[in-house]
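> output the structure for:
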Amino acid sequence: MLPTTSPQSNGDPSSRDAARHTAGAKRYKYLRRLLHFRQMDFEFALWQMLYLFTSPQRVYRNFHYRKQTKDQWARDDPAFLVLLSIWLCVSTIGFGLVLEMGVVETLKLLLWVVFVDCIGVGLLISTLMWFISNKYLLKHPSRSFDVEWGYSFDVHLNAFYPLLVILHFLQLFFINHLVVINSDWFLGYFVGNTLWLIAIGYYLYITFLGYNGETYAYQIDSALQETKMSFSATG
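This next block holds a predicted model:
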């Protein structure tokens with residue numbers, strides 16, 4: 001069961017509604033809101049970041065609610081992306097200070113983390129998962145039902161955030177302080193590899209939840225069908 005976009009059930013939508021729900025229109029609306037910070041819901045984005053650690057299922061349940069109300073799975077508010085960018089900058093500066101890197105080296109690290117680790121790898125993984133999902137994982141493949149590419153990229157951002165916090169924030173306290181991770185001894189290797197294992201585990205688990213998000217839709221649809229059947233039986 002995957003989160004898919006489906007056509008309108010009550011006949012064909014008008015041309016205005018159809019144009020409003022195209023990928024280009026959604027992308028334009030998303031990018032336009034990047035210039036209007038007052039329209040961004042940063043409080044809700046912080047709520048998502050918190051629950052990505054404690055209860056990722058609640059975050060993806062909200063994606064399903066967005067599909068029901070706004071007819072799209074992908075985020076239409078760039079607040080999460082803005083806060084993630086701030087986290088990238090702050091954590092990279094922290095890395096530069098802890099490792100005693102110069103300004104130029106810290107800037108190079110920041111550019112690498114943003115454009116390679118986050119965006120570059122994210123585009124590759126999102127496109128690959130988007131293709132595999134639509135090609136092989138849909139229960140009934142059809143042109144009318146497909147997984148949104150924007151949603152695939154949101155799944156990557158959701159999974160990347162805990163990985164970023166663990167490897168670029170928590171790990172700082174174990175470098176040259178409590179446990180010297182970069183030293184040549186067993187405890188340093190053990191702590192460093194354990195942090196990487198936890199971070200990758202978070203990434204894989206949250207990615208799995210993202211592509212299993214349609215389970216919530218299936219449960220709600222089943223409940224609605226049972227309610228309709230009960231009403232029809234009593235009527």
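> which ones are touching residue 209?
Taking C-beta atoms under 8 Å, 6 or more residues apart in numbering, we find residue 209 in contact with 56, 57, 60. Glycine gets a C-beta too; all of them are placed from N, C-alpha and C.
> with residue 162 instead?
Going by C-beta under 8 Å, 6+ apart, the list of residues near residue 162 reads 52, 53, 199, 202, 203, 206.
> check which helix or strand the residue lying closest to it once chain neighbours are set aside maps to.
Across the structure, with C-beta to C-beta, 6 or more residues apart in numbering as the measure, the residue nearest residue 162 apart from its sequence neighbours is residue 202 (4.2 Å). The secondary structure element spanning residue 202 is helix 186-211 (assigned by DSSP states H and E).
> hey, what's the angle from the host helix or strand of residue 63 to helix 186-211? Just curious.
When elements are assigned from DSSP H and E, residue 63 belongs to helix 56-70. Orientation check (axes from the mean of the first three to the mean of the last three C-alpha atoms, to 10 degrees): helix 56-70 against helix 186-211 gives 30 degrees.
> same for helix 56-70, what does it pack against?
With contacts defined as 3 or more C-beta pairs under 8 Å, 6 or more residues apart in numbering; DSSP states H and E, helix 56-70 has these neighbours: helix 42-54, helix 149-168, helix 186-211, helix 214-234.
> reformat those as TSV; add mean pLDDT.
Rendered in TSV, the data for the helices and strands packed on helix 56-70 read as follows (pLDDT from 0 to 100):
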stretch	mean pLDDT
helix 42-54	93
helix 149-168	92
helix 186-211	89
helix 214-234	51
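> looking at the ones you listed, which is buried most?
Mean neighbour counts were taken over the helices and strands packed on helix 56-70 using mean count of other C-beta atoms under 10 Å, and the top value, a mean of 22, falls to helix 149-168.
> related to what we said a few turns ago, now the helices and strands packed on helix 56-70 as JSON lines including distance to residue 129?
Supplementary listing: these in JSON lines, determined by distance: least, C-beta to C-beta, whole Å:
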{"stretch": "helix 42-54", "distance to residue 129": "18"}
{"stretch": "helix 149-168", "distance to residue 129": "5"}
{"stretch": "helix 186-211", "distance to residue 129": "7"}
{"stretch": "helix 214-234", "distance to residue 129": "14"}
